[in-house]
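Student: For reference, the sequence and a predicted model appear below.
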Amino acid sequence: MPVLVDRIGQTEVNCLIWIGRVSKAEALAMPGRIDPSRPEFGCRWISYFNRGADLSDLDAACLLELRERLRPVVAGLAAKGEFRMTLASNSKFNDPLLAVWRVIAATDPDYLSNPLIVHDIESASRALGLLAVEADHARVWIESRIAGISPDS
């Protein structure tokens with residue numbers, strides 16, 4: 001499962017962890033795994049792209065479809081409070097695609113997400129209001145999830 005959906009330890013921050021080669025089908029299935037009515041899903045999110053994440057299968061049409069599938073999810077999460085998403089990637093390979101995603105999300109006035117792009121998990125955590133010790137915990141937690149799944153992490 002190249003896109004993990006989870007909650008970071010004891011924080012109130014959820015995460016998407018993108019690992020390995022992500023197909024269009026896998027990317028488009030991800031929104032169906034997030035039920036905004038469930039209490040474990042909140043309005044603060046980190047989307048982390050592991051250094052080995054390969055998003056090359058995702059084209060503009062896929063990103064537009066992904067936004068449409070995420071629209072009701074984001075609206076449901078935003079009903080719980082201000083929806084905030086940070087995209088964290090230190091992969092220059094995926095940076096252009098993330099920039100396109102940011103434009104697709106931020107320029108749609110009816111899509112309640114305007115993601116911030118940063119280069120590491122700690123910066124993403126701090127942007128969501130976590131203290132330094134909590135941000136470090138989030139980094140360790142995400143890295144341990146990746147290590148448990150991906151041998152090349």
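Tutor: Good, I have the coordinates. On a predicted model such as this, the values are computed, not experimentally measured, just so you know.
Student: contacts, neighbours, all on C-alpha from now
Tutor: Noted.
Student: Please confirm that S47 is located within a strand.
Tutor: Yes: counting by DSSP: H, G, I helix; E, B strand; the rest coil, S47 is part of a strand.
Student: ok, how many other residues are close to it?
Tutor: 22 (other Cα atoms under 10 Å).
Student: if I look at it, how far off is L28?
Tutor: The gap separating S47 from L28 is 15 Å, by Cα to Cα, to the nearest Å.
Student: any idea which element T86 lies in?
Tutor: In this assignment (DSSP states H and E), T86 forms part of strand 84-89.
Student: Could you pull out the strands in this structure for me?
Tutor: All strands of the chain, identified by DSSP state E, fall at 3-7, 14-18, 44-49, 84-89, 116-118.
Student: Would you format those strands as JSON lines with mean pLDDT and distance to V100 included?
Tutor: Shown next, in JSON lines, are those (pLDDT from 0 to 100; distance: least, Cα to Cα, whole Å):
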{"stretch": "strand 3-7", "mean pLDDT": "95", "distance to V100": "19"}
{"stretch": "strand 14-18", "mean pLDDT": "97", "distance to V100": "17"}
{"stretch": "strand 44-49", "mean pLDDT": "97", "distance to V100": "15"}
{"stretch": "strand 84-89", "mean pLDDT": "95", "distance to V100": "12"}
{"stretch": "strand 116-118", "mean pLDDT": "94", "distance to V100": "11"}
